[in-house]
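>>> any chance you could fold what I've pasted below:
(one chain, ligands or ions: 1)
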Amino acid sequence: MQLADRVSQVSASLTLAISAKAKAMKAEGIDVLGFSAGEPDFDTPRHIREAAKLALDQGKTRYGPAAGEPALRDAIASKLNRDNQLSYTPDQIIVTNGGKQSLYNLMQVLINPGDEVIIPAPYWLSYPEMVKLAGGVPVILKTDIQSQFKITPDQLRAAVTPKTRLFIFNSPSNPTGMVYTPDEVRALAAVIVDEDLLVVTDEIYEKILYDGAEHLSIGSIGPEIFERTIVSHGFAKTYAMTGWRIGYLAGPLDLIKGVTKLQSHSTSNVCTFAQYGAISALEGSQDCVAEMLQAFTQRRQVMLELLNAIPGVFCPAPQGAFYLFPDISAFGLGSVEFCETLLESYQVAAVPGLAFDADQCIRLSYATDLASIQKGVERLSAFTAAVG
Ligand code: PLP
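As a prediction, this is how the structure comes out:
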């Protein structure tokens, strides 16, 4: 069938093929160890589930405002103020079906055909596709292990053209896990203000930090950067709420009004009773976040040590998120072939770095139990010994 041009421009997800294959193998009863999922393996904390159940019983089952329940927008405004020193009024916030829809909507509202959007690589694989779906042109800034997968202010400045509309900033990063230091964030903010750009800061991994790393929300640096900043966030990673589909966007009022108009003609409001779970996530005890972080910290340490003990594998220590991004180029295979063979012959699912524009690496999520991590890295080690 003849599909619209916009769909043919979008790449199919490379991760999908591997995940589908891993699932099919599991269904056949094969003992596959999965490190490809970008989601916490914990249940959503009980108090959040209870709040949604109560809302359901109280009849919060009807259409609501397209921009979200007022009580949730209030709670998000308080969170941004309390945690990030960002001063937004509730009408500068829209609740979306996850961080993914926040970013998709933003591109639709901001980008005209031919507009350029600067994206540092390795990147979360949906960014360039969302830009293309809006008719924009992704401008990719390459980084490498030596630069800790971070761009420099000079690199950003050099990429700016009269067509530049937006810079996408993601720290802590998926897939590398790296975190820009507060000084590095300030230096990038200076370029954004100087060049009069807009920045969307994807802060979905904000709370998942290690080794004393600090998260500085770029919009909090001063009024000039604040008015050029849009925050994209969500509940999926911090509160193990991936399936709930709740995220949000905060930014200048006219922009949020535009996004609300768009959303009112596409998905309308996010599931009403689910939004009450999100309120409880923000306003309830944050002990659950600390507990999950403690588990991630231990797994990260174990996996990092095991990986770096494998001859030929080099894995930097990431300071955020729940991914490791080892360099596997010593084995002479592209990342897709590496991951396909690893899955087929050693029953370990990992994501090829090519999906994130880094063919020399693979992405391993440690959002899984310690026993699986130990067993999985043993198999990876057997594989590299066989090819290496
Ligand atoms: N941004 C990044 C960097 C992500 O890794 C993800 C999910 O994997 C998202 C945004 C979207 O998350 P969600 O739509 O589940 O809120």
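>>> which residues in the protein form strands?
33-34, 93-96, 116-120, 137-141, 164-170, 198-202, 229-234, 247-250, 323-324, 348-349, 351-352, 362-365 (DSSP state E).
>>> contacts for the longest one, please.
Around strand 164-170, the neighbours that count as contacts under CB atoms under 8 Å, 6 or more residues apart in numbering are 110-112, 115-120, 123-124, 127, 136, 139, 156, 188, 192, 195, 197-202, 218. Bear in mind the C-beta positions are built from the backbone N, C-alpha and C, glycine included.
>>> domain boundaries for this protein, per the record?
For the chain, the structural domains run 5-30+287-387, 62-283, going by automatic domain parsing.
>>> ok, the residue in the stretch 1-150 of the chain positioned nearest to the ligand - how many residues close by?
Minimum separation of the stretch 1-150 of the chain from the ligand (CB to the nearest ligand atom) falls at residue 98, amounting to 2.7 Å. Around residue 98 there are 21 other residues, counting by other CB atoms under 10 Å.
>>> my guess is it contacts residue 246. True?
Yes: contact criterion CB atoms under 8 Å: residue 98 and residue 246 qualify, at 6.5 Å.
>>> need the contact list for residue 382.
Applying CB under 8 Å, 6+ apart, the residues near residue 382 are residue 346.
>>> could you check the pLDDT of it?
Residue 382 is assigned 97 on the pLDDT scale.
>>> can you offset everything so residue one is 735?
All right, first residue 735 from here; so that's residue 1116.
>>> tell me, how many residues neighbour the residue nearest to residue 1093 when sequence neighbours are not counted?
Leaving aside its chain neighbours, residue 1093 sits nearest to residue 1069 (4.9 Å; criterion: CB to CB, 6 or more residues apart in numbering). By other CB under 10 Å, 23 other residues sit near residue 1069.
>>> can you check residue 890 too?
Neighbours of residue 890 under the rule other CB under 10 Å: 24.
>>> now it: closest residue in space that isn't a chain neighbour?
Closest to residue 890 by CB to CB, 6+ apart is residue 925, at 4.9 Å.
>>> would you confirm that that neighbour contacts residue 887?
Yes: the criterion here is CB under 8 Å, and residue 925 meets it with residue 887 at 4.8 Å.
>>> of those two, give the one with the bigger neighbour count.
Per other CB under 10 Å, whichever of residue 925 and residue 887 has more neighbours is residue 925, with 20 against 16.
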